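**Student:** only geometry, no sequence info:
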Ligand code: HEC
Ligand code: HEC
């Protein structure tokens, strides 16, 4: 219920051309009712049998090594003081835009990269669970994630490398809020500029930006910022990936198990978009590590049903 009301508040603020930034607004007012965001629970495997690979042993990867590797991006760019987990962007130049152009989307991607490079972003720095576990890379995946917004977009920047890479890669998601549902653009920002991608991102990003889940409790630089960022992600508007409007691949039948579909549904009133077998990697990880469903553990028979659905080859 709470979520629905907040989403309405966002929609209304969009109409009035105002920007709602819950954290700064509340701290400016000194509002005592502002609830602390729920801390992110530590990642603990629960032996559901859903994982395809044994949980990775990272006990040799120390906190000191983590901090050193994270700082290699430029220590002045990270661990920033903050009041809001999201940086406010200047107002959009084209008033009354209904659908941003590809050039406008790319300009937002470049603008947020520049802000990060100048130390003007508020990154959450962590070793992410979903990309570190299973067969994706099986070594620490280092992420700096920052959020930005104005009244027409939410922009996310991911600055990423694995523990054995030299160079940091830049990835972006822009949510165009001038259309309903919002449209998500995904891109890899290369030397030559942003290159849009779709399917390769959609297999983990089923509903747009993902909440941040560190693979170990201490492998995050600012846990309260992580919690505040995740609250922003949980309250995001319903959106769909732009690439599906141009290449509507057939993803087969959506997941219909009721203990997931209560929230993950094609019905526009649901919290999140539908899940398909394409999304089996984040499904296996988030359920096994106890994050999904959010408020309880699945019963053995429910795990068996989910496992059976994931194992059908189609
Ligand atoms: C293997 C799964 C996976 C794939 C594939 C993937 N991502 Fe992500 N992405 C994640 C996870 C997980 C996070 C959150 C990281 C964390 O918990 O530290 C994330 C975070 C992000 C963020 C920061 C905002 C957010 O969602 O929290 C951006 C931007 C992003 N990804 C862009 C991309 C783009 C662009 C692509 C395709 C080129 C892509 N990702 C492909 C798993 C994936
Ligand atoms: C009570 C509502 C609810 C239920 C039930 C639920 N989820 Fe979620 N799920 C969410 C929300 C909200 C998010 C985004 C915030 C987060 O990741 O913490 C999410 C995130 C996810 C994600 C990451 C992609 C995304 O949509 O952000 C996956 C994958 C996922 N859930 C799988 C499942 C599976 C599988 C089940 C059933 C076993 C399930 N969830 C049950 C609410 C729910």
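**Tutor:** Received, thanks. Because the structure is predicted, anything quoted here is derived from the model rather than measured. Ligands and ions are numbered 1, 2, ... in the order given.
**Student:** up against ligand 1, what does the stretch 51-200 of the chain have?
**Tutor:** 126, 128, 130-131, 136, 143, 145, 156-158, 171-173, 186-188, 197, 200 (Cβ under 6 Å from any ligand atom). Every residue, glycine included, has its C-beta placed from N, CA and C.
**Student:** at 5 Å what do you get?
**Tutor:** By the rule Cβ under 5 Å from any ligand atom, the part of the stretch 51-200 of the chain lying against ligand 1 is 126, 128, 130-131, 136, 143, 145, 156, 158, 171, 173, 186, 197, 200.
**Student:** with respect to ligand 2, which of these is nearest?
**Tutor:** residue 130 (8.4 Å; Cβ to the nearest ligand atom).
**Student:** the closest one and residue 214 touch, don't they?
**Tutor:** No: using Cβ atoms under 8 Å, residue 130 is not in contact with residue 214; the gap is 10.5 Å.
**Student:** the residue sitting nearest the centre point of the chain: what secondary structure?
**Tutor:** With distances taken as Cα atoms, centre = their mean, the residue of the chain nearest its centroid is residue 210 (2.2 Å). Put simply, residue 210 is coil when judged by DSSP: H, G, I helix; E, B strand; the rest coil.
**Student:** same deal with residue 156?
**Tutor:** Strictly by three-state DSSP, residue 156 counts as strand.
**Student:** quick check: bridge partners of the nearest residue to it once chain neighbours are set aside?
**Tutor:** With sequence-adjacent residues excluded and distances taken as Cβ to Cβ, 6 or more residues apart in numbering, residue 156 is closest to residue 173, at 4.5 Å. Here residue 173 sits in beta bridges with residue 156, residue 186, going by DSSP bridges.
**Student:** for the stretch 101-250 of the chain, what lies in contact range of ligand 2?
**Tutor:** 206-207, 211, 234.
**Student:** let's see it at 6 Å
**Tutor:** 206-207, 210-211, 233-234.
**Student:** by neighbours, which of those wins?
**Tutor:** For these, the largest neighbour count, defined by other Cβ atoms under 10 Å, is 22 neighbours, found at residue 207.
**Student:** ok, now which ones touch that residue?
**Tutor:** 236, 238-239, 264, 272-273 (Cβ atoms under 8 Å, 6 or more residues apart in numbering).
**Student:** got a winner among those for most neighbours?
**Tutor:** residue 236 (24 neighbours).
**Student:** verify the contact between that one and residue 211 for me.
**Tutor:** No: look at residue 236 against residue 211 with Cβ under 8 Å: they stay out of range, at 9.8 Å.
**Student:** in the biggest helix by length in the chain, which residues are buried?
**Tutor:** For the chain, the longest helix by residue count, based on DSSP state H, is helix 102-117. Within helix 102-117, the residues that count as buried by 16 or more other Cβ atoms under 10 Å are 104-109, 112-113, 115-116.
**Student:** state the pair within these that is farthest apart.
**Tutor:** 104 and 116 (19.2 Å; Cβ to Cβ).
**Student:** residue 184: what secondary structure?
**Tutor:** strand.
**Student:** burial of it, as a residue count?
**Tutor:** 25.
**Student:** residue 156 is in contact with that one, correct?
**Tutor:** No: look at residue 184 against residue 156 with Cβ under 8 Å: they stay out of range, at 9.6 Å.
**Student:** so who does residue 209 touch?
**Tutor:** 147, 154, 156, 173, 175, 184, 233, 236.
**Student:** closest to ligand 2 among the residues you listed?
**Tutor:** Using Cβ to the nearest ligand atom, the contacts of residue 209 come closest to ligand 2 at residue 233, 5.7 Å.
**Student:** the closest one: which element?
**Tutor:** Assessed by DSSP states H and E, residue 233 sits inside helix 223-234.
**Student:** ok, residue 161 next?
**Tutor:** Judged by DSSP H and E, residue 161 forms part of strand 153-162.
**Student:** for that strand, which helices and strands make contact with it?
**Tutor:** helix 102-117, strand 141-149, strand 169-176 (3 or more Cβ pairs under 8 Å, 6 or more residues apart in numbering; DSSP states H and E).
**Student:** would you turn these into CSV with distance to residue 303?
**Tutor:** Shown next, in CSV, are those (distance: least, Cβ to Cβ, whole Å):
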stretch, distance to residue 303
helix 102-117, 39
strand 141-149, 26
strand 169-176, 31
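**Student:** between the ones you listed, which one is nearest to residue 75?
**Tutor:** Judging these by Cβ to Cβ, what sits closest to residue 75 is strand 141-149, at 11.7 Å.
**Student:** that concludes my questions; thank you for your assistance.
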